[in-house]
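Visitor: Whatever this is, show me its structure:
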Amino acid sequence: MSHHLTKDMATETPTAFSTFDIRVYYEDTDAGGVMYYANYLKFFERARTEWLRRLGVNQSELASKEHRIFVVKKVEIQYRKPARLDDLLVIHSQITRLGRASIIFGQSASRDGELLCESGTHVGCVDANTFRPAGLTHELRNLLEKAQN
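Guide: Here you go, the predicted structure:
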């Protein structure tokens with residue numbers, strides 16, 4: 001692909017899911033060494049962003065050239081077990097639904113194969129100037145459809 005979404009970026013072949021490893025640091029935890037619950041959302045955000053980056057989606061260029069940005073509209077999350085200081089988590093991400101101007105990501109965090117947390121994140125594509133819903137560009141939709149399948 002040579003369009004602006006992937007210009008000068010390493011890309012990988014779209015796959016139906018992505019994994020992202022992240023370590024729990026002291027700053028992520030409470031006084032008891034347990035990861036603060038809101039940090040799962042930060043980790044899930046990083047995993048989605050890095051997956052898109054590996055697919056070749058440069059969100060800065062998407063905003064500046066296509067006037068499209070992503071906003072989180074809704075999150076459903078279930079906490080099962082705590083993550084702790086120094087744990088190495090694997091964040092799994094997949095696209096569970098692709099709409100005209102929205103994407104639903106299914107994500108989970110696990111430690112050594114044990115499920116700790118799972119979520120469904122509804123992301124809307126909006127016009128960067130008006131913040132009104134805006135359809136995914138043709139190139140972006142095609143890329144995400146390949147990643148979904």
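
Visitor: Please enumerate the strands of this structure.
Guide: In the chain, the strands defined using DSSP state E lie at 18-23, 68-79, 88-98, 102-111, 114-127.

Visitor: how about low-confidence regions in the protein?
Guide: Low-confidence segments of the chain (pLDDT under 70): 1-16.

Visitor: Spatially central residue for it, please.
Guide: residue 48 (1.6 Å; CA atoms, centre = their mean).

Visitor: Okay, it and residue 142: tell me how far apart.
Guide: Distance of residue 48 to residue 142, given as CB to CB, to the nearest Å: 18 Å. Every residue, glycine included, has its C-beta placed from N, CA and C.

Visitor: ok, now residue 108?
Guide: Separation of residue 108 from residue 142 (CB to CB): 26 Å.

Visitor: got it, and residue 75?
Guide: 26 Å.

Visitor: what does residue 129 give?
Guide: The spacing between residue 129 and residue 142, counted by CB to CB, is 24 Å.

Visitor: Which one's more surrounded, those two?
Guide: A count of neighbours by other CB atoms under 10 Å puts residue 142 above the other of residue 129 and residue 142, at 13 against 10.

Visitor: If residue 98 is in a bridge, with which residues?
Guide: Taking DSSP bridges as the rule, residue 98 bridges to residue 103.

Visitor: what about it, how many residues close to it?
Guide: If you count neighbours by other CB under 10 Å, residue 98 ends up with 15.

Visitor: right, and it touches residue 148 too?
Guide: Yes: the criterion here is CB atoms under 8 Å, and residue 98 meets it with residue 148 at 5.6 Å.
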